[in-house]
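> Requesting a structural model of the entry that follows:
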Amino acid sequence: RPLYNDLLSSALDIIRTIRDPEKPNTLEELEVVTESCVEVQEIGEDEYLVIIRFTPTVPHCSLATLIGLCLRIKLQRCLPFRHKLEIYISEGTHSTEEDINKQINDKERVAAAMENPNLREIVEQCVTEPD
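Sure, this is the predicted structure:
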């Protein structure tokens, strides 16, 4: 399934360079995202479901929602195929994972967050490729 592998690697390539909101490292360097955190399922003709499961660096990470938002925004902008996107915290790795999962998969909440200029600026800094 060459197409499937292409989708998998392009999703991973898109998220591996996202920078942590607090540290100078990328999410991949901090092992917040790894190769095994991306899953792609075919859900229709030329349409795919991309599932990302990320692992915050600490169980009470206050930036987990923001990291989820960065993942969503960058994938929405960069994925070269029709897709649905689900983003979750790896099970058992965060104290409020259920709330955060709801938040980062709620279109209205995501849109509202991106209307906040401060939040938007942080997201842009995290998702913009370094020159």
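
> What backbone torsions are found at the residue nearest the centre of the chain?
For the chain, the residue lying nearest the average C-alpha position, counting by C-alpha atoms, centre = their mean, turns out to be Leu71 (2.2 Å). Summarising the backbone geometry of Leu71 under the convention degrees, to the nearest 10, its torsions are phi -60, psi -50.

> try His60
Comment: the main-chain dihedrals of His60 come out as phi -120, psi 30, following degrees, to the nearest 10.

> For Arg53, see how far away it is.
Here the distance between His60 and Arg53 works out to 18 Å (C-beta to C-beta, to the nearest Å). To be clear about C-beta, it is placed using only N, CA and C from the backbone, and glycine gets the same treatment.

> out of these two, which sits in the busier spot?
For His60 versus Arg53, neighbours defined as other C-beta atoms under 10 Å are more numerous around Arg53 (18 against 9).

> how about the more buried one, what does it touch?
Residues touching Arg53, when contacts are defined by C-beta atoms under 8 Å, 6 or more residues apart in numbering, comprise 37, 39, 87-91.

> that older thread, read off the pLDDT value for the residue nearest to the centre of the chain.
Looking at Leu71, its pLDDT is 97.

> just the one 4 residues further on next, same as before
According to the model's per-residue confidence, Leu75 sits at a pLDDT of 95.

> Could you double-check that it lies in contact with Glu86?
No: under the criterion of C-beta atoms under 8 Å, Leu75 lies out of contact with Glu86, with a separation of 10.5 Å.
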